[in-house]
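S.K.: here is my input; please provide its structure:
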Amino acid sequence: MNSDTQYEDSVSAMVLENIKNKLLHAFRTSAEPRTSAETASHPIGKSFQVNEELRRAKIDGAITWLRSELLEMRSQDRQLAQTLLGLNKEIQRLRRENGSLLLEADGSEQHL
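M.R.: The predicted model follows:
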């Protein structure tokens with residue numbers, strides 16, 4: 001793994017962590033979580049905790065999905081770059097061959 005890839009990985013991780021924090025903040029309600037004593041006496045508090053955990057699980061799932069999509073996009077980007085580099089190399093080779101054929105043809109015409 002080269003330094004560019006490591007840099008991209010760390011930047012991607014930071015971006016995803018930032019998105020996760022923003023999502024967590026957005027899904028938090030204005031009500032503060034209740035203490036365990038309040039939760040035991042109030043089923044609404046327990047419901048809040050369950051809902052909060054479900055939200056967090058959904059957010060974590062979304063972040064995991066985003067991470068896998070970004071990794072897939074990076075892989076496709078690398079494959080495309082390799083394909084384009086290979087095509088460019090082939091084009092350059094064909095130009096050289098075509099140029100040398102033209103030079104040979106010009107040389108043979110001059111001898112006639």
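S.K.: contacts and neighbour counts: CA atoms only from here.
M.R.: OK.
S.K.: can you show me the helices along this protein?
M.R.: Using DSSP state H, the helices assigned to the chain run over residues 3-27, 36-41, 43-111.
S.K.: now those helices as a markdown table including mean neighbour count?
M.R.: Below are the helices of the chain laid out as a markdown table (neighbours: other C-alpha atoms under 10 Å):
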| stretch | mean neighbour count |
| --- | --- |
| helix 3-27 | 13 |
| helix 36-41 | 12 |
| helix 43-111 | 13 |
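S.K.: okay if I get those helices as CSV plus mean pLDDT?
M.R.: Output for the helices of the chain, formatted as CSV (pLDDT from 0 to 100):
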stretch, mean pLDDT
helix 3-27, 76
helix 36-41, 51
helix 43-111, 87
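S.K.: gap between stretch 82-92 and the chain center?
M.R.: Centroid separation for stretch 82-92 versus its chain: 25 Å, with C-alpha atoms, centre = their mean, to the nearest Å.
S.K.: meant to ask about stretch 66-81
M.R.: With C-alpha atoms, centre = their mean, you get 6 Å for stretch 66-81.
S.K.: which residue is nearest the centroid of this structure?
M.R.: residue 70 (1.9 Å; C-alpha atoms, centre = their mean).
S.K.: quick one: that residue and residue 91, what's the gap?
M.R.: The gap separating residue 70 from residue 91 is 31 Å, by C-alpha to C-alpha, to the nearest Å.
S.K.: got it, and residue 4?
M.R.: Relative to residue 91, and taking C-alpha to C-alpha, residue 4 is found at 27 Å.
S.K.: what does residue 67 give?
M.R.: Counting by C-alpha to C-alpha, the gap from residue 67 to residue 91 is 36 Å.
S.K.: residue 80 now?
M.R.: In terms of C-alpha to C-alpha, residue 80 sits 16 Å off from residue 91.
S.K.: just residue 53 next, same as before
M.R.: In terms of C-alpha to C-alpha, residue 53 sits 56 Å off from residue 91.
S.K.: repeat for residue 106
M.R.: 22 Å.
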